[in-house]
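In: Test case, fold it:
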Amino acid sequence: MSDIDRSYLSLVLNIGYYYPDFNKKMNEIFGLEVKEWEIVIENAINTGEIRKDLDPKIVARQFHFIFHGLAFNSALENGIKSTDLEELYLNLYYFIKS
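Out: Sure, this is the predicted structure:
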């Protein structure tokens with residue numbers, strides 16, 4: 001397990017406990033992140049790169065949660081590997097591609 005990944009996760013969880021506004025701020029940041037993904041997805045739909053029958057909000061959340069789920073899980077194992085993230089993102093992309 002990567003100590004730095006585990007330490008970061010622990011820090012984030014503890015900050016949320018001791019500073020309640022932190023959770024609100026993180027939710028705002030996550031909301032902005034999902035909104036950016038939505039813009040990318042909408043552009044890809046409009047250019048025909050990905051299927052037109054997709055809901056940009058749902059696909060945006062899928063990309064968002066792939067990263068955060070992998071980051072959480074990796075913090076408990078051996079640390080996040082960019083190759084794992086790339087594999088998951090590409091798999092979703094190929095699934096939604098036109």
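
In: Not counting stretch 7-19 itself, show me its contacts.
Out: 22, 23, 26, 71, 72, 75, 76 (Cβ atoms under 8 Å, 6 or more residues apart in numbering). In short, each C-beta sits where N, CA and C put it, glycine included.

In: how about a cut-off of 10 Å?
Out: 2, 21-26, 71-72, 74-76, 79 (Cβ atoms under 10 Å, 6 or more residues apart in numbering).

In: do the same with stretch 45-55
Out: 38, 40-44, 56, 59-62, 93, 95-98.

In: if we can go back for a sec, among the contacts of stretch 7-19, which ones are in strands?
Out: Within the contacts of stretch 7-19, no residue falls in strands by DSSP state E.

In: Of those residues, grab the buried ones for PyMOL.
Out: Buried residues within these, by 16 or more other Cβ atoms under 10 Å, are selected in PyMOL with:
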select buried, resi 74+75
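
In: low pLDDT regions in this structure?
Out: Within the chain, the stretches with pLDDT under 70 are 1-2, 79.

In: biggest helix in the chain, by residue count?
Out: Looking across the chain with DSSP state H, the single longest helix is helix 20-46.

In: Show me which residues of that helix are buried.
Out: 34, 37, 38, 41, 42, 44, 45.
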